[in-house]
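**Q** no sequence on this one, just coordinates:
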């Protein structure tokens with residue numbers, strides 16, 4: 001059985017202006033502008049994904065969490081306060 005490589009996702013959020021800029025780059029097939037755009041919008045996200053920093057962390061791994069946090073206990077909204 002061949003094992004599939006693990007895939008990672010990167011979400012790219014663009015403003016209307018950035019989306020139009022990307023559309024122009026694609027229509028013009030401008031390689032230099034395409035590389036500039038990728039570096040400006042994706043470089044940091046790719047590096048974070050590769051290093052694992054871009055991934056959501058479980059609640060107990062976040063800094064500032066109390067040591068008495070019990071992830072297996074479900075609290076109602078009134079019990080937490």
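**A** It's in. On a predicted model such as this, the values are computed, not experimentally measured, just so you know. Residues are numbered from 1 along each chain as shown.
**Q** all contacts plus neighbour counts: C-alpha atoms, from now on.
**A** Will do.
**Q** what stretches of this protein score poorly on pLDDT?
**A** Counting by pLDDT under 70, the chain shows low-confidence ranges at 54-81.
**Q** now with 80, please.
**A** 1-2, 6, 52-81 (pLDDT under 80).
**Q** downstream of the helix or strand encompassing residue 18, the next helix or strand is which one?
**A** Under the criterion of DSSP states H and E, residue 18 resides in helix 16-28. Reading on from helix 16-28 to the C-terminus, the next helix or strand found by DSSP H and E is helix 31-41.
**Q** buried sites along that next one?
**A** Residues 33-34, 37 are the ones in helix 31-41 that count as buried (16 or more other C-alpha atoms under 10 Å).
**Q** got TSV for those, with distance to residue 27 too?
**A** TSV is the format used below for the buried residues of helix 31-41 (distance: C-alpha to C-alpha, whole Å):
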residue	distance to residue 27
33	12
34	11
37	14
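**Q** of these, which is the nearest to residue 2?
**A** Nearest to residue 2 among these, counting by C-alpha to C-alpha, is residue 34 at 35.2 Å.
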